[in-house]
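>>> coords please:
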Amino acid sequence: MLELAILGFLCDSPLHGYELRKRITALTGHVKPVAESTLYPAIKRLEKASWLARETQPGAVAAPRHVLTLTDEGRQELRRRLAEPVRQDITDENRWFTLLAFLRHLDDHGLQAEVLRRRLLFLEEPASFFYEGDRPLRAEELEDPFRRGILTIARATSDAELSWLRSTLRSLDRS
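Got it, this is the predicted structure:
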């Protein structure tokens, strides 16, 4: 998820590390804040893979800044990851939002639609946070108002996403 966010934000525009960290934190920070001790090793891995390039520019007030840009190989890797997401990128909401934030960089509307269809199929599977044996429980079946609240909120969120997915897929299919 972190590498995808780095590649995606750098596809938008070249950035220095501090600005990149701020953007990633804005996207995922409430769930998984990005520490420098996590971000900079990831940047180094991507540089070593030749997906990023670093250029030193003079700082306006302070020390020189290292600006990161995406290489052509990095763009190809980003597009590959967007076109071929692993199952967890589809099923985990936080990973899904990161994927969705950069899906526009996948130029092929057909490939974009394939990714959205995978999410749609996942959301259409019967599921719950609570089960009786193997059977998912619905909010109406629970006496506990707090657990019922979890399922009610999850259903409303899921219904909104399903509506958006179906509408967006119709639009992509027309183009």
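
>>> Check residue 36 and give its pLDDT.
For residue 36, the pLDDT comes out at 80.

>>> Next one: the residue nearest to it when sequence neighbours are not counted from residue 76, what distance?
Ranked by C-beta to C-beta, 6 or more residues apart in numbering and with sequence neighbours excluded, the top spatial neighbour of residue 36 is residue 21, at 7.0 Å. Every residue, glycine included, has its C-beta placed from N, CA and C. Residue 21 sits 24 Å away from residue 76, taking C-beta to C-beta, to the nearest Å as the criterion.

>>> Which one's more surrounded, those two?
Legend: neighbour count by other C-beta atoms under 10 Å for residue 21 and residue 76, higher for residue 21 (22 against 12).

>>> Surely that one is in contact with residue 34?
Yes: the pair residue 21 and residue 34 passes the contact test of C-beta atoms under 8 Å, sitting 5.7 Å apart.

>>> Can you name the residues bridging to residue 54?
In this structure, residue 54 bridges to residue 68 when assessed by DSSP bridges.

>>> quick one, what contacts it?
Residue 54 makes contact with 47, 66, 67, 68 under the criterion C-beta atoms under 8 Å, 6 or more residues apart in numbering.

>>> what do you get if the cut-off is 7 Å, keeping everything else the same?
Under the criterion of C-beta atoms under 7 Å, 6 or more residues apart in numbering, the contact partners of residue 54 comprise 47, 66, 68.

>>> can you pull the pLDDT of residue 50?
97.

>>> With the one 3 residues further on instead?
On the pLDDT scale, residue 53 is placed at 95.
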